[in-house]
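Asker: Any chance you could fold what I've pasted below:
(2 chains)
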Amino acid sequence: MNGYNFAYLDEQTKRMIRRGLLKAVAIPGYQVPFGGREMPMPYGWGTGGMQLTASILGQHDVLKVIDQGADDTTNAVSIRAFFERVADVETTTRATDASVIQTRHRIPETPLVQGQIMVFQVPIPEPLRFIEPSETETRLMHALEEYGVMHVKLYEDIARHGHIATTYAYPVKVDGRYVTDPSPIPKFDNPKLHMCEALMLFGAGREKRLYAIPPYTRVESLDFEDHPFEVQRWEAPCALCGSQESFLDEVITDDAGGRMFVCSDTDYCRQHSEEVA
Amino acid sequence: MKHPQLEPPTLLEARDVSRLYGPDKGCQEIDLALYRGEVLGIVGESGSGKSTLLRLLSGLERPDGGQVIYHAHDATLDLYAIGEARRRALLRMEWGLVHQNPRDGLRLGVSAGANIGERLMALGQRHYGQLRAAGQDWMARVELDAERIDDAPNTFSGGMQQRLQIARTLVTRPQLVFMDEPTGGLDVSVQARLLDMLRTLVRELGLSVILVTHDLAVARLLAHRLVVMRRGRIVEAGLTDQILDDPQHAYSQLLVSSVLTP
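Answerer: Residues are numbered from 1 along each chain as shown, chains lettered A, B, ... in the order given. Alright, predicted model coming up:
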């Protein structure tokens, strides 16, 4: 496409972001500030993830974009079309074929392998934000490992609901050091972060922060001794493919209380139903 | 011949500490010592530098000159020579700070139980049942209804909030507690109950306390020793009863004589 550099961003910007990414990989879970650029999209739609994707994308990469696990939702379709246009890269919906997967709020059910890169779109990168509004203070808290307050929220959950009711953006400790927000993925996906073979990159466009979880890094979800970390469970399997292992979305089918539970990961659901058939 | 040690061990010392915001604004050339297990009152009029001194002593504000020395169990620490990490850890683990306005010291967004448990969680306590038991225990100790452990501090009265703040501070059994006008803004009957409770807790836990107040009645009830401040300097220091009954410095005399007695 004429008039644009490969993958939209100019080379200097990409270089700046890659430098940030190197630092982020060197210090797992640490939030690196970067000079966020305007993207042709409003904040909150994945500008952080897009800038990261743009700066790591090569001509031979195969890109997959998912939004809440699905390949066919607005956000996923537009971002995929965007990179097809400005970078002319191959795109796919199959998790196994992709070398770069940009995601909003899910990790694919298909296990990731070495060499793949996940790019997360992050709205609020700071896990301490809800309890400490000041940025200078939260940075100091990270630097001094003052993470006691993280448990205040979990305590409050149990006091109110009888169990830890945080179901997404569930805080994790990366490599025993930095408490990190894994972006609003359901806590169902938290165990997939632990010792993952793929590189995980996180970009927050509005907040202009990026961070990373390198391959084979310890990732622990915070919990209490007597209220250990648990993931969601469903009573019924997926109504379409019958999977009992995947994360299910509730779909309302009529106005008479009818509902069904289906896989949120459309690629996995399709593959699984083909296997069964 | 071996002499018994008569002086109790010193816990906190200020050596020639100064912090001035302008001429006579702040505090200057402060020398004082706090002995283990004692309550030291700092009295003086508004603007005399009491609160500045408290901030300097409690590690919240770096002095322009002088040293603050803390005698921990195992080491002697120069408060502003050690790193910020160590200083904040000290403040979190061995010290406590009670603010004048409980809203400054409490997290208003979370329940009373979470407020009490926060310092324990910061120390690494990760057992919900034990945190909750500690919360209930301390609610009872500061004469709050333990049934209200899940209520937000917003729903508590001013006096109750202050007691909650005290519970939240004392739950980790700090060595040293700084209190800035703990009874300010409370009505007289609530003040009396709070003072009574504070006195009991100080005795039971063997706390060392530095107490800033402009209220001489509070100082009389709680403090063992007093220092009187004026224009950023200590003008008189001594035992509480000695200062209040027989003030020597002209300003102390004025301060003591200006107390209204009903």
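Asker: if I pick B:Glu84, what's in contact with it?
Answerer: B:Glu84 sits next to A:Leu140, A:Leu144 when contact means CB atoms under 8 Å, 6 or more residues apart in numbering or on different chains. The C-beta positions use only the backbone N, C-alpha and C, and glycine is treated the same way.
Asker: quick one: pLDDT of it?
Answerer: You'll see B:Glu84 listed with a pLDDT of 87.
Asker: now A:Met1
Answerer: The per-residue pLDDT of A:Met1 was computed as 60.
Asker: got it, and B:Pro8?
Answerer: pLDDT at B:Pro8 comes out at 75.
Asker: and it, how many residues sit next to it?
Answerer: The number of residues packed near B:Pro8 is 11, by other CB atoms under 10 Å in any protein chain shown.
Asker: Need the phi and psi values for it.
Answerer: Dihedral pair for B:Pro8: phi -70, psi 150, per degrees, to the nearest 10.
Asker: what does the one 5 residues further on give?
Answerer: Main-chain torsions, B:Glu13, degrees, to the nearest 10: phi -130, psi 140.
Asker: do the same with A:Ala204
Answerer: According to degrees, to the nearest 10, A:Ala204 has phi -120, psi 110.
Asker: For it, give its distance to A:Phe224.
Answerer: 28 Å (CB to CB, to the nearest Å).
Asker: And A:Cys263, by the same measure?
Answerer: Taking CB to CB, one finds A:Cys263 at 31 Å from A:Phe224.
Asker: Which residues of the stretch 51-200 of chain A lie near chain B?
Answerer: Applying CB under 8 Å from any CB of the partner chain, we find that the stretch 51-200 of chain A lies next to chain B at A:131, A:140, A:143-144, A:146, A:148-149, A:151-153, A:155-156, A:158-160.
Asker: so B:Leu170 touches B:Val202, yeah?
Answerer: No: between B:Leu170 and B:Val202 there is no contact under CB atoms under 8 Å: 9.6 Å.
Asker: Now do the strands for chain A: every range, in order, please.
Answerer: A:32-33, A:62-67, A:90-91, A:100-104, A:117-121, A:172-174, A:178-180, A:199-204, A:209-213, A:219-221, A:248-252, A:259-263 (DSSP state E).
Asker: correction: chain B
Answerer: B:10-22, B:25-35, B:39-44, B:65-71, B:76-78, B:95-98, B:176-180, B:208-212, B:225-230, B:233-239.
Asker: So for chain A, which of those sits nearest?
Answerer: Distance to chain A, taken as CB to the nearest CB, is lowest for strand B:95-98 among the strands of chain B, at 14.6 Å.
Asker: Listing partners with orientation, what would you give for that closest one?
Answerer: Sheet pairing of strand B:95-98 (DSSP bridges) gives strand B:176-180 (parallel).
Asker: tilt between the partner strand and strand B:65-71?
Answerer: Between strand B:176-180 and strand B:65-71, the angle comes out at 130 degrees (axes from the mean of the first three to the mean of the last three CA atoms, to 10 degrees).
Asker: For chain B, which residue gets nearest to chain A?
Answerer: Taking CB to the nearest CB, chain B has B:Ala122 as its residue nearest chain A, at 2.7 Å.
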